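1. I'll drop the sequence and a predicted model, then ask my questions.
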Amino acid sequence: GAVVSQHPSWVICKSGTSVKIECRSLDFQATTMFWYRQFPKQSLMLMATSNEGSKATYEQGVEKDKFLINHASLTLSTLTVTSAHPEDSSFYICSARDQQAPRETQYFGPGTRLLVL
Amino acid sequence: DAKTTQPPSMDCAEGRAANLPCNHSTISGNEYVYWYRQIHSQGPQYIIHGLKNNETNEMASLIITEDRKSSTLILPHATLRDTAVYYCIVRAPVFGRGKLIFGQGTELSVKP
(Lines give C-alpha, C1' and ligand atoms only; values in the text may rest on other atoms or scores of the structure.)
Protein backbone atom coordinates (compact mmCIF):
# COMPACT_ATOMS: atom_id res chain seq x y z
CA GLY A 1 0.00 0.00 0.00
CA ALA A 2 0.86 3.66 -0.24
CA VAL A 3 3.40 4.97 2.27
CA VAL A 4 3.42 8.32 4.03
CA SER A 5 6.37 9.30 6.20
CA GLN A 6 6.80 11.98 8.83
CA HIS A 7 9.89 13.54 10.26
CA PRO A 8 10.75 13.82 13.03
CA SER A 9 8.88 11.09 14.86
CA TRP A 10 9.20 12.99 18.11
CA VAL A 11 10.54 16.34 19.19
CA ILE A 12 11.08 18.16 22.46
CA CYS A 13 11.50 21.90 22.37
CA LYS A 14 11.54 24.90 24.65
CA SER A 15 8.59 27.22 24.91
CA GLY A 16 8.79 30.05 22.37
CA THR A 17 10.71 28.15 19.71
CA SER A 18 9.37 27.01 16.35
CA VAL A 19 9.16 23.41 15.22
CA LYS A 20 8.87 22.13 11.66
CA ILE A 21 7.31 18.76 10.84
CA GLU A 22 7.68 17.20 7.40
CA CYS A 23 5.19 14.91 5.71
CA ARG A 24 6.13 12.99 2.57
CA SER A 25 4.23 10.68 0.26
CA LEU A 26 6.87 8.15 -0.72
CA ASP A 27 5.37 6.25 -3.63
CA PHE A 28 2.61 8.47 -4.95
CA GLN A 29 1.93 12.10 -5.70
CA ALA A 30 -0.44 13.96 -3.46
CA THR A 31 -1.97 17.25 -4.49
CA THR A 32 -3.89 17.25 -1.24
CA MET A 33 -2.53 16.55 2.21
CA PHE A 34 -4.13 16.95 5.61
CA TRP A 35 -2.84 17.76 9.07
CA TYR A 36 -4.47 16.39 12.19
CA ARG A 37 -3.80 16.80 15.88
CA GLN A 38 -4.61 14.29 18.58
CA PHE A 39 -4.57 14.82 22.33
CA PRO A 40 -4.35 11.87 24.76
CA LYS A 41 -7.50 9.74 24.92
CA GLN A 42 -9.13 11.81 22.18
CA SER A 43 -9.88 11.31 18.52
CA LEU A 44 -8.06 12.95 15.63
CA MET A 45 -8.98 16.55 14.97
CA LEU A 46 -8.51 17.94 11.48
CA MET A 47 -6.47 21.12 11.55
CA ALA A 48 -6.05 22.04 7.90
CA THR A 49 -6.10 20.89 4.30
CA SER A 50 -2.90 21.48 2.38
CA ASN A 51 -3.10 21.95 -1.38
CA GLU A 52 -0.02 21.82 -3.58
CA GLY A 53 0.84 25.24 -4.94
CA SER A 54 -1.84 27.13 -3.06
CA LYS A 55 -2.70 28.30 0.42
CA ALA A 56 -3.86 25.83 3.03
CA THR A 57 -7.44 25.79 4.21
CA TYR A 58 -7.73 25.86 8.00
CA GLU A 59 -10.54 24.42 10.09
CA GLN A 60 -12.50 26.72 12.33
CA GLY A 61 -10.61 27.61 15.49
CA VAL A 62 -7.15 26.75 14.12
CA GLU A 63 -4.80 29.73 14.03
CA LYS A 64 -3.21 29.94 10.59
CA ASP A 65 -0.43 32.24 11.81
CA LYS A 66 0.55 29.77 14.49
CA PHE A 67 0.39 26.62 12.38
CA LEU A 68 2.10 27.46 9.10
CA ILE A 69 1.58 24.96 6.31
CA ASN A 70 3.57 24.78 3.11
CA HIS A 71 2.88 22.29 0.31
CA ALA A 72 5.60 23.14 -2.15
CA SER A 73 5.70 19.88 -4.09
CA LEU A 74 3.49 16.91 -4.89
CA THR A 75 5.24 14.77 -2.30
CA LEU A 76 6.01 17.14 0.57
CA SER A 77 3.99 19.21 3.00
CA THR A 78 5.38 20.88 6.10
CA LEU A 79 3.72 22.08 9.29
CA THR A 80 5.54 24.67 11.35
CA VAL A 81 4.35 25.29 14.89
CA THR A 82 5.49 28.84 15.57
CA SER A 83 6.30 30.11 19.06
CA ALA A 84 5.31 26.80 20.56
CA HIS A 85 3.83 26.66 24.04
CA PRO A 86 3.15 23.73 26.37
CA GLU A 87 -0.50 23.60 25.27
CA ASP A 88 0.73 22.82 21.73
CA SER A 89 2.15 19.54 22.99
CA SER A 90 0.29 16.88 21.06
CA PHE A 91 0.49 14.09 18.49
CA TYR A 92 0.52 15.58 14.99
CA ILE A 93 -0.46 13.31 12.12
CA CYS A 94 -0.42 14.04 8.42
CA SER A 95 -2.37 12.32 5.70
CA ALA A 96 -2.03 12.29 1.94
CA ARG A 97 -4.69 11.56 -0.62
CA ASP A 98 -3.70 9.22 -3.42
CA GLN A 99 -5.77 10.45 -6.32
CA GLN A 100 -4.91 7.37 -8.35
CA ALA A 101 -6.27 5.05 -5.67
CA PRO A 102 -9.88 3.85 -5.67
CA ARG A 103 -12.10 6.65 -4.37
CA GLU A 104 -9.02 8.72 -3.55
CA THR A 105 -8.06 6.80 -0.47
CA GLN A 106 -6.20 8.74 2.19
CA TYR A 107 -3.11 7.30 3.81
CA PHE A 108 -1.68 8.43 7.11
CA GLY A 109 1.81 9.01 8.38
CA PRO A 110 3.08 7.50 11.64
CA GLY A 111 2.70 10.77 13.52
CA THR A 112 5.01 13.22 15.27
CA ARG A 113 4.88 13.58 19.01
CA LEU A 114 5.64 17.14 20.13
CA LEU A 115 6.48 18.03 23.70
CA VAL A 116 6.94 21.70 24.53
CA LEU A 117 8.63 22.40 27.84
CA ASP B 1 -20.51 14.62 5.60
CA ALA B 2 -22.83 12.27 7.46
CA LYS B 3 -22.32 11.62 11.15
CA THR B 4 -21.60 8.10 12.35
CA THR B 5 -22.36 6.36 15.64
CA GLN B 6 -20.23 3.55 17.00
CA PRO B 7 -20.14 1.75 20.36
CA PRO B 8 -17.28 3.12 22.46
CA SER B 9 -15.74 -0.26 23.19
CA MET B 10 -15.94 -3.95 22.40
CA ASP B 11 -14.15 -7.11 23.44
CA CYS B 12 -13.38 -10.09 21.25
CA ALA B 13 -11.73 -13.42 21.91
CA GLU B 14 -8.59 -14.18 19.95
CA GLY B 15 -9.34 -16.30 16.89
CA ARG B 16 -13.01 -15.36 16.80
CA ALA B 17 -14.66 -12.97 14.40
CA ALA B 18 -14.90 -9.35 15.48
CA ASN B 19 -18.03 -7.60 14.24
CA LEU B 20 -17.90 -3.82 14.61
CA PRO B 21 -21.16 -1.97 13.92
CA CYS B 22 -21.61 1.57 12.64
CA ASN B 23 -24.77 3.60 12.20
CA HIS B 24 -24.90 6.30 9.52
CA SER B 25 -28.60 6.94 9.14
CA THR B 26 -28.15 10.31 7.40
CA ILE B 27 -25.77 9.06 4.72
CA SER B 28 -26.26 10.57 1.27
CA GLY B 29 -26.42 8.63 -1.96
CA ASN B 30 -22.90 9.53 -3.09
CA GLU B 31 -21.17 9.05 0.25
CA TYR B 32 -18.85 6.12 0.79
CA VAL B 33 -18.25 4.31 4.07
CA TYR B 34 -14.58 4.14 5.06
CA TRP B 35 -13.02 2.20 7.91
CA TYR B 36 -9.69 3.05 9.48
CA ARG B 37 -8.03 1.79 12.62
CA GLN B 38 -5.46 3.31 14.92
CA ILE B 39 -3.16 1.15 16.94
CA HIS B 40 -1.87 2.89 20.03
CA SER B 41 0.57 5.75 19.30
CA GLN B 42 0.50 5.18 15.54
CA GLY B 43 -1.14 6.90 12.59
CA PRO B 44 -4.47 5.55 11.35
CA GLN B 45 -4.37 2.62 8.94
CA TYR B 46 -6.79 2.29 6.04
CA ILE B 47 -8.83 -0.92 6.17
CA ILE B 48 -11.61 -0.89 3.62
CA HIS B 49 -14.32 1.22 2.03
CA GLY B 50 -17.58 0.66 0.18
CA LEU B 51 -20.64 2.33 -1.33
CA LYS B 52 -23.49 -0.17 -1.27
CA ASN B 53 -22.14 -3.57 -2.11
CA ASN B 54 -20.38 -5.76 0.38
CA GLU B 55 -16.61 -5.58 0.10
CA THR B 56 -13.81 -7.89 1.15
CA ASN B 57 -10.06 -7.56 1.13
CA GLU B 58 -7.15 -9.24 2.86
CA MET B 59 -7.82 -7.40 6.10
CA ALA B 60 -11.57 -7.41 6.56
CA SER B 61 -15.07 -7.56 5.15
CA LEU B 62 -17.53 -4.69 5.02
CA ILE B 63 -21.24 -5.41 5.09
CA ILE B 64 -23.52 -2.48 4.23
CA THR B 65 -27.26 -2.79 4.78
CA GLU B 66 -29.56 -2.41 1.81
CA ASP B 67 -30.82 0.98 3.01
CA ARG B 68 -27.19 2.00 3.63
CA LYS B 69 -28.04 3.34 7.07
CA SER B 70 -25.64 1.04 8.84
CA SER B 71 -22.65 -1.16 8.22
CA THR B 72 -20.53 -3.78 9.94
CA LEU B 73 -16.80 -4.29 9.72
CA ILE B 74 -15.83 -7.92 10.16
CA LEU B 75 -12.38 -9.11 11.14
CA PRO B 76 -12.78 -12.85 10.47
CA HIS B 77 -10.12 -14.18 12.84
CA ALA B 78 -9.11 -11.51 15.30
CA THR B 79 -5.58 -11.56 16.69
CA LEU B 80 -4.04 -9.64 19.58
CA ARG B 81 -2.49 -7.28 17.02
CA ASP B 82 -5.99 -6.21 15.96
CA THR B 83 -6.44 -4.42 19.28
CA ALA B 84 -6.99 -0.80 18.21
CA VAL B 85 -9.51 1.99 17.88
CA TYR B 86 -11.66 1.46 14.78
CA TYR B 87 -13.17 4.46 13.03
CA CYS B 88 -16.13 4.39 10.68
CA ILE B 89 -16.30 7.50 8.48
CA VAL B 90 -18.60 8.50 5.66
CA ARG B 91 -17.34 10.83 2.99
CA ALA B 92 -18.28 11.97 -0.47
CA PRO B 93 -15.29 11.35 -2.75
CA VAL B 94 -15.52 14.64 -4.60
CA PHE B 95 -12.32 15.14 -6.52
CA GLY B 96 -10.01 17.43 -4.57
CA ARG B 97 -12.50 17.82 -1.76
CA GLY B 98 -14.06 15.67 0.91
CA LYS B 99 -12.41 15.46 4.29
CA LEU B 100 -12.10 12.53 6.66
CA ILE B 101 -13.65 13.67 9.92
CA PHE B 102 -13.02 11.26 12.76
CA GLY B 103 -15.56 10.48 15.47
CA GLN B 104 -14.73 8.69 18.71
CA GLY B 105 -14.52 5.24 17.17
CA THR B 106 -14.77 1.83 18.82
CA GLU B 107 -11.94 0.62 21.02
CA LEU B 108 -11.60 -3.08 20.23
CA SER B 109 -9.77 -5.23 22.74
CA VAL B 110 -8.81 -8.70 21.53
CA LYS B 111 -8.22 -10.96 24.48
CA PRO B 112 -6.37 -14.30 24.62
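-> The structure has been received and is ready for your questions.

2. contacts only, for the closest residue to chain B within chain A.
-> The nearest approach of chain A to chain B comes at residue A:108, 3.8 Å away (C-beta to the nearest C-beta). Bear in mind the C-beta positions are built from the backbone N, C-alpha and C, glycine included. Contacts here follow C-beta atoms under 8 Å, 6 or more residues apart in numbering or on different chains; on that basis residue A:108 touches A:4, A:93, A:94, A:95, B:36, B:43, B:44, B:45, B:46.

3. residues near the second one, how many?
-> A count of nearby residues for residue A:93, using other C-beta atoms under 10 Å in any protein chain shown, gives 27.

4. which ones are touching it?
-> A:6, A:35, A:36, A:37, A:38, A:44, A:108, A:109, A:111, A:112, B:43, B:44.

5. looking at these, spot the one nearest residue B:85.
-> Closest approach to residue B:85 among the contacts of residue A:93 (C-beta to C-beta): residue B:44, at 8.7 Å.

6. circling back: out of the contacts of residue A:108, which are inside strands?
-> Here DSSP state E is the test, and the contacts of residue A:108 give A:4, A:93, A:94, A:95, B:36, B:45, B:46 as lying in strands.

7. now do the residue of chain B found nearest chain A against residue A:110, distance only.
-> Chain A sits closest to residue B:43 of chain B, with a gap of 3.8 Å, by C-beta to the nearest C-beta. According to C-beta to C-beta, to the nearest Å, residue B:43 and residue A:110 sit 5 Å apart.

8. repeat that for residue B:105.
-> 18 Å.

9. between those two, who's got more neighbours?
-> residue B:105 (26 against 16).

10. and the pLDDT for that one?
-> Here, the pLDDT recorded for residue B:105 equals 96.

11. wait, it touches residue A:43, no?
-> Yes. If you go by C-beta atoms under 8 Å, residue B:105 and residue A:43 touch, sitting 6.4 Å apart.

12. overlap in contacts of those two?
-> Contacts common to residue B:105 and residue A:43, judged by C-beta under 8 Å, 6+ apart, are residue B:87.

13. what residues does chain B have near chain A?
-> Contact residues, chain B versus chain A (C-beta under 8 Å from any C-beta of the partner chain): B:32, B:34, B:36, B:38, B:41-46, B:49, B:87, B:93, B:95-96, B:98-105.

14. show me which of these are buried.
-> Buried members of the residues of chain B next to chain A, scored by 16 or more other C-beta atoms under 10 Å in any protein chain shown, are B:32, B:34, B:36, B:38, B:43-44, B:46, B:49, B:87, B:93, B:98-102, B:105.

15. out of those residues, which one has the weakest pLDDT?
-> Out of these, that is residue B:93, at 65.

16. okay if I get the contacts of residue A:108 as JSON lines plus distance to residue B:8?
-> Below are those laid out as JSON lines (distance: C-beta to C-beta, whole Å):
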{"residue": "A:4", "distance to residue B:8": "28"}
{"residue": "A:93", "distance to residue B:8": "21"}
{"residue": "A:94", "distance to residue B:8": "27"}
{"residue": "A:95", "distance to residue B:8": "24"}
{"residue": "B:36", "distance to residue B:8": "17"}
{"residue": "B:43", "distance to residue B:8": "21"}
{"residue": "B:44", "distance to residue B:8": "17"}
{"residue": "B:45", "distance to residue B:8": "20"}
{"residue": "B:46", "distance to residue B:8": "22"}
